[in-house]
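# sequence first, then the predicted structure:
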Amino acid sequence: MGTYWLITAIILGAIFTYLNNQKKFVDSFYKNLTDEQLYKETIIILNKILALHDKNSDFIYSGLEDYDDLKQTISVYKESLIKYNFETILKLRSDFAPTGLFQELSIQNEWTEAYTELVDKFNIIYNTIEERLKNYS
């Protein structure tokens, strides 16, 4: 019985170490990008969100009328991000927050797993940009 628990503990330790190293790798990847690249990565995230929807998507609780409204909203964000507008990043932060626009869309349209990945990436980008702005002040 003691050997079983030891093997289980070793396996769990290895899994946790692996997952922790993966997170550190992703964090360091984004932290090494230039500001321009970070804003481009944010645009990629928005494009992925748009790709998860079509005219048949459910927008009832999102505050958006339909797919065209989502397209327009994302288009405005992208135009602003091209100009490196940090206020857009702040607005997106609220849209990625719990009960924000993108979480509501993910729940309604059953892409919560993809939402989790996208919000994790966005949060790293946001924190990296915010940290850099503090250092420049």
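Looks like it came in fine. Numbers count the residues shown, from 1 in each chain.
# burial check on Thr3, number of neighbours?
7 (other Cβ atoms under 10 Å). Every residue, glycine included, has its C-beta placed from N, CA and C.
# hmm, I was thinking of Asp66
13.
# tell me who's in contact with it.
55, 59 (Cβ atoms under 8 Å, 6 or more residues apart in numbering).
# surely Leu92 meets Phe122?
Yes. Look at Leu92 against Phe122 with Cβ atoms under 8 Å: they come within range, at 6.8 Å.
# shared neighbours, those two?
Thr42.
# how close does the residue nearest to the spatial centre of the chain sit to Phe96?
Computing the C-alpha centroid of the chain and ranking residues by Cα atoms, centre = their mean puts Val119 first, at 2.4 Å. The gap separating Val119 from Phe96 is 5 Å, by Cβ to Cβ, to the nearest Å.
# which residues are in contact with both of these two?
102-103.
# in three-state terms, label Lys134 for me.
Three-state assignment for Lys134 (DSSP: H, G, I helix; E, B strand; the rest coil): helix.
# ok, now how distant is it from Phe86?
For Lys134, the distance to Phe86 - Cβ to Cβ - is 12 Å.
# excluding chain neighbours, give the residue nearest to Ser106 in space.
Tyr115 (3.5 Å; Cβ to Cβ, 6 or more residues apart in numbering).
# what is the least confident helix or strand in this protein?
helix 2-31 (a mean of 65; mean pLDDT, DSSP states H and E).
# keeping just the C-alphas, turn the helix or strand following it into CSV.
Using DSSP states H and E, the helix or strand that directly follows helix 2-31 along the chain is helix 35-51. The C-alpha coordinates for helix 35-51 follow below in CSV (Å, rounded to 0.1, in the frame of the first residue of the first chain):
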residue,chain,number,x,y,z
ASP,A,35,4.5,46.1,-27.8
GLU,A,36,3.6,45.9,-31.5
GLN,A,37,3.6,42.1,-31.3
LEU,A,38,1.4,42.1,-28.2
TYR,A,39,-1.2,44.3,-29.9
LYS,A,40,-1.1,42.0,-32.9
GLU,A,41,-1.6,38.9,-30.7
THR,A,42,-4.6,40.7,-29.2
ILE,A,43,-6.0,41.1,-32.7
ILE,A,44,-5.4,37.4,-33.4
ILE,A,45,-7.4,36.6,-30.2
LEU,A,46,-10.3,38.8,-31.5
ASN,A,47,-10.2,37.1,-34.9
LYS,A,48,-10.5,33.7,-33.2
ILE,A,49,-13.5,34.9,-31.3
LEU,A,50,-15.1,36.1,-34.5
ALA,A,51,-14.3,32.8,-36.2
